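Engineer: predicted coordinates and the sequence they were generated for:
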Amino acid sequence: MSTPKIFLMSPAFSGGKRGQMVMREGAQFSLAQRLRSPGGAPLGEVFAFLSGLYFRGKVAYVNAFSAPPPGLPGALVITPTRGLVPPESHITLDVLREFAEQGEVAVDNARYRGPLEQHARALDEAAGPGTCYVLLGSIASDKYVDVLTRIYGERLLFPTDFVGRGDMSRGGLMLRAAADGPELEYAPVLGAVRKGKRPPRLQPRSWKEGP
C-alpha cells in the first residue's frame, strides 16, 4: 500500500503583468468578470492564468497523481496571505489584490508565514504522521522550505528532477508526466542538494490544448 501524500503547490505571482491585466478596471474577458462577481473564480484557474505553463503543469500533475488520506484534499495551494487553500476554492478580486499588495512570500512576513504555519500544522494533525507532503515549488530559497520543514521534517518531499530547472521547464515536465507517466521521483527536502546545474532542455511540445 502506497504512502498517502498531499501536494503543496507554490503560488503564482499576483503583482506581475498578467495580474495587472486581470485586475485592470474595465477588463472584459471572462476570468476578470468572474473575479468581480460575488462568486469569484477558482484559485487554481486564476493562478494558471497568472503563471501560465508552470501552474497548469501543477494542476495536471496533482490531478493525475494525488493520493491523499481519506477525507482530505489531494492538493493545497500556498497563498501569500491565506495559508493553504484548495485550488478549487473561489477567490474574488479583493482577495487577489490582497495577494498582490500585502502578500510578499518571505519568511519574515507575518502575513504570509502565520496563516501558512497554522494551516500546515492543522493539516498534519488531520492527516496523521504517516502522510508525506510533496512541495511543487522551488526549494532553492527558504520561503517555503523554512516554514514547512519545521512542521513536516523528513516527510516534506520534492521532485528531484526540479533541481536546476526554471519554472517553464518544471511546468513542461509535470505536463509530460501527467500525460504519459510515470510519476516523478521524490526525495526529502532536508539534506537535499537544493541547487544544481541546469539539466538538458526538454524536447519542444505543444500544450495549448492541455496534456
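Structural biologist: Yes, it's here.
Engineer: in which helix or strand would I find Ala187?
Structural biologist: According to DSSP states H and E, Ala187 maps onto strand 186-188.
Engineer: so how far is that strand from its chain's centroid?
Structural biologist: Between the mean C-alpha point of strand 186-188 and the mean C-alpha point of its chain there is a distance of 17 Å (C-alpha atoms, centre = their mean, to the nearest Å).
Engineer: list the helices and strands that strand packs on?
Structural biologist: Using 3 or more C-beta pairs under 8 Å, 6 or more residues apart in numbering; DSSP states H and E as the contact definition, the elements that strand 186-188 packs against are strand 156-159. (Glycine included, C-beta is placed from N, CA and C.)
Engineer: so for the strand it packs on, mean pLDDT?
Structural biologist: Strand 156-159 comes out with an average pLDDT of 97.
Engineer: show the average pLDDT along the longest helix along the chain.
Structural biologist: Ranked by residue count and defined by DSSP state H, the top helix of the chain is helix 110-127. With pLDDT averaged residue by residue, helix 110-127 scores 97.
Engineer: cool, stretch 174-183 as well?
Structural biologist: According to the model, stretch 174-183 has a mean pLDDT of 95.
Engineer: would you mark the buried spots in it?
Structural biologist: Neighbour-count burial for stretch 174-183, counted by 16 or more other C-beta atoms under 10 Å, picks out Met174, Leu175, Arg176, Ala177, Ala178.
Engineer: what does stretch 27-38 give?
Structural biologist: Neighbour counts using 16+ other C-beta under 10 Å place Ala27, Leu31, Ala32, Arg34, Leu35, Arg36 of stretch 27-38 among the buried residues.
Engineer: tell me who's in contact with the third one.
Structural biologist: When contacts are counted by C-beta atoms under 8 Å, 6 or more residues apart in numbering, Ala32 is found next to Met21, Val22, Met23, Arg24.
Engineer: next step: those residues restricted to helices.
Structural biologist: Counted as lying in helices by DSSP H, out of the contacts of Ala32, are Met21, Val22, Met23.
Engineer: now neighbour count, distance to Ser138 and pLDDT too, for those, in CSV please.
Structural biologist: Conversion of those to CSV gives the following (neighbours: other C-beta atoms under 10 Å; distance: C-beta to C-beta, whole Å; pLDDT from 0 to 100):
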residue, neighbour count, distance to Ser138, pLDDT
Met21, 14, 24, 96
Val22, 21, 23, 96
Met23, 17, 25, 96
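Engineer: all helices of this protein, in order?
Structural biologist: For the chain, the helices identified by DSSP H occupy 17-23, 30-35, 43-51, 53-65, 93-102, 110-127, 142-152, 167-180, in order along the chain.
Engineer: so which of the ones you listed comes closest to Pro188?
Structural biologist: With C-beta to C-beta as the criterion, Pro188 lies closest to helix 142-152 of the helices of the chain, at 8.9 Å.
Engineer: now do that closest one: which elements does it pack against?
Structural biologist: Under the contact rule (3+ C-beta pairs under 8 Å, 6+ apart), helix 142-152 is packed against helix 110-127, strand 132-136, strand 156-159.
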